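Q: Sequence isn't available, so here's the structure alone:
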Ligand SMILES: Cc1ncc(COP(=O)(O)O)c(C=O)c1O
């Protein structure tokens, strides 16, 4: 790291910090929740199915039992979303995280196609966790008792040299990947890395990629990241069973009241249906019909996401502008400038993230706990902080970011 260079003295910073404390702020930049304004964009969704108009295109009464795979029109919509065939899609409930949890739990209890035994009967299961990453992903694999193995991120996805080496270990059963605008770094997996993930040799015959396409259409502006189709890549690399794809409309329509879906090849879909059919008679078709009627097709989803971008972009710009004003040229911190997604990832000098989060909290700004973006909640360098600008107002974001940046400088000055 280049030697940091602070423009303000410790006394200046302490005074600024005390002034923030005197404001008795109550700001929250913890979780990536859509703002109310964003939820309002889907006004009308709830009226798309009425008590007189509840039949799917094929005449299915959506109020009644059945339809484990999802309505044909909902499968077609998500097929376009994932870039796969409708037969390769299953519609879930309100949460893609739940679909991921269920998929791993089924693998744990029953084993997946191509495996020799259930993962729960293996002596040891290890799981690759590109980090900084999504805390709830890491929590699922930790909950199953798997050993989490940290893989560094590169700005274009996980470090594939490390992934390829670790994947040769037969106890490594899989990897978490957020392919586009990842949580929290905002980076997307490059075409080269998609090909390497598809082609690499895995020691476990039942190795799986959990491809969480949570931010597939969540662009901030006209400059967009594109990620090649992983199902096609795995199929042409001769590893057709390798990937499960997930997504949801949580940050398109309503968070926690949207529609989730998964995609995979025929063997994995048949396997999923076998187990899901014991778990439920079928997901909520009324909600599927609402979504299909509201969005109609991918074009409808894309136009809708343009409206989200007009709300989100100024918020991201505010974070980036304030970080630059406060920390630019100080060599004290680096941060990401994502083209989509929900987060800005801030790196403080090593050993300062926890202290910055504490200082910010004591000045009334709640941040995601330092360490949360790493397996077991432990950032080995104690430097990463996830900023989530979606929920607060623009003014709140500017102020909260200024507090955070001041805390970075104060933390450094106090220890220098
Ligand atoms: C990468 C990622 N996957 C999944 C989710 C949650 O998705 P869902 O609401 O569909 O369960 C989130 C929410 O923040 C996320 O960041």
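A: Structure received. Keep in mind that this is a model prediction, so the values were computed, not measured.
Q: just how off-centre is the helix or strand harbouring residue 395 within its chain?
A: Assigning secondary structure by DSSP states H and E places residue 395 in helix 394-415. Taking Cα atoms, centre = their mean, to the nearest Å, one finds helix 394-415 lying 25 Å from the centre of the chain it belongs to.
Q: One more: stretch 375-384?
A: 18 Å.
Q: And that stretch, what's buried?
A: For stretch 375-384, the neighbour count (16 or more other Cβ atoms under 10 Å) marks 375, 379, 382, 383, 384 as buried. In this view, the C-beta of every residue, glycine as well, is placed from N, C-alpha and C.
Q: before we move on, the earlier item: show me what the helix holding residue 395 is packed against.
A: Helices and strands touching helix 394-415, by 3 or more Cβ pairs under 8 Å, 6 or more residues apart in numbering; DSSP states H and E, are helix 10-22, strand 27-29, helix 298-327, helix 353-362, strand 365-367, strand 384-387.
Q: Could you say which of the ones you listed is packed most deeply?
A: Of the helices and strands packed on helix 394-415, the one with the most neighbours on average (mean count of other Cβ atoms under 10 Å) is strand 384-387, at a mean of 26.
Q: quick one: strands adjacent to it?
A: strand 344-347 (antiparallel) (DSSP bridges).
Q: Which parts of the stretch 151-300 of the chain are strands?
A: 172-177, 208-212, 243-248, 260-263 (DSSP state E, counting those that start in this stretch).
Q: for those, which one sits closest to the ligand?
A: Ranking those by proximity to the ligand (Cβ to the nearest ligand atom) places strand 243-248 first, at 3.1 Å.
Q: on that earlier part again, could I get the strands of the stretch 151-300 of the chain in a markdown table, plus columns for mean neighbour count, mean pLDDT and distance to residue 82?
A: Formatted as a markdown table, these follow (neighbours: other Cβ atoms under 10 Å; pLDDT from 0 to 100; distance: least, Cβ to Cβ, whole Å):
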| stretch | mean neighbour count | mean pLDDT | distance to residue 82 |
| --- | --- | --- | --- |
| strand 172-177 | 25 | 98 | 14 |
| strand 208-212 | 25 | 99 | 9 |
| strand 243-248 | 26 | 98 | 5 |
| strand 260-263 | 26 | 98 | 4 |
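Q: In a markdown table, list these along with distance to residue 328.
A: Converted to a markdown table, the strands of the stretch 151-300 of the chain look like this (distance: least, Cβ to Cβ, whole Å):
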| stretch | distance to residue 328 |
| --- | --- |
| strand 172-177 | 32 |
| strand 208-212 | 33 |
| strand 243-248 | 36 |
| strand 260-263 | 40 |
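Q: Mind checking those strands for the one nearest to residue 303?
A: strand 243-248 (18.1 Å; Cβ to Cβ).
Q: quick check: angle from that closest one to strand 208-212?
A: Counting by axes from the mean of the first three to the mean of the last three Cα atoms, to 10 degrees, strand 243-248 lies at 20 degrees to strand 208-212.
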